[in-house]
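Colleague: here's my sequence, what's the structure:
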Amino acid sequence: MKKASTRIALGLALTATLTYCNQPEQEKEQETSAAQESHSGHNMQASEGSRIIGMQAEADTLKGSLKAEAHGMIGDAHLTIAYHSPAVRGRVIWGGLVAYDQVWVTGAHTATSLMTDKDITIGGKALPAGKYALFTIPGEQEWTIIINKNWEQHLADDYKEAEDVLRFTVKPELAPTKQERLRYEIISGEEGAGSIQITWDMLRVTLPVTQR
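Modeller: Now for the predicted structure:
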């Protein structure tokens, strides 16, 4: 009888010990599972938030006029064009936002600047090394390109024709694809020749450039 009681007592103690040892593991597993679910939910929210922020950023990229620069070599001459790049944003550009037959900054906010570290020829006319403002007068059939010595000015507010270094005319052409933001490119060619291309909306203007 005494032996039976001892066995029962030992059995109860062993069961209690096993229950005590297993309980923290079960709680740990539950806590781990809950933490994983919480972490997973947090990641999902973070991912969703990033996606929404990304979509918002994409929607905002067409607002305002962004600062931009174009760099390139024409022969040994290094050219830099600094400008602000507006977007179409569904607007009528030519003959609308940009009026025909008026001096245009060919960008936004401040004068577009053209800098060359060597003498070049642009539009068949000599341009000494230096920094200049690049203005245009867009027309339906022809554009007047203006290189002006006052490169540091707001829009065309301070523009004076008397400060023009040179002028020449070019004919606009259709761009191969629609260009949402105004874009300048410096295109290198062979034997010291090349061009500056201005593209916006469905229009492109090419300025021939050679190194002198």
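
Colleague: residue 86 and residue 166: what is the separation?
Modeller: 26 Å (C-beta to C-beta, to the nearest Å). In short, each C-beta sits where N, CA and C put it, glycine included.

Colleague: between the two, tell me which one has more neighbours.
Modeller: Ranked by neighbour count (other C-beta atoms under 10 Å), residue 86 and residue 166 place residue 86 first, with 21 against 15.

Colleague: so what's the more buried one closest to, chain neighbours aside?
Modeller: Ranked by C-beta to C-beta, 6 or more residues apart in numbering and with sequence neighbours excluded, the top spatial neighbour of residue 86 is residue 65, at 4.2 Å.

Colleague: which stretches in the protein count as helices?
Modeller: Ranges of helices in the chain, per DSSP state H, are 2-60.

Colleague: so what are the domain limits for it?
Modeller: The chain breaks down by automatic domain parsing into domains covering 1-60, 66-211.

Colleague: list the buried residues for the longest strand seen in the chain?
Modeller: If you go by DSSP state E, the chain has its longest strand at strand 193-211. Neighbour-count burial for strand 193-211, counted by 16 or more other C-beta atoms under 10 Å, picks out 194-211.

Colleague: now for that strand, which elements pack on it?
Modeller: strand 66-74, strand 77-85, strand 120-122, strand 143-148, strand 164-170, strand 173-188 (3 or more C-beta pairs under 8 Å, 6 or more residues apart in numbering; DSSP states H and E).

Colleague: distance to residue 109 added to these, as JSON lines?
Modeller: Output for those, formatted as JSON lines (distance: least, C-beta to C-beta, whole Å):
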{"stretch": "strand 66-74", "distance to residue 109": "9"}
{"stretch": "strand 77-85", "distance to residue 109": "5"}
{"stretch": "strand 120-122", "distance to residue 109": "24"}
{"stretch": "strand 143-148", "distance to residue 109": "16"}
{"stretch": "strand 164-170", "distance to residue 109": "21"}
{"stretch": "strand 173-188", "distance to residue 109": "12"}
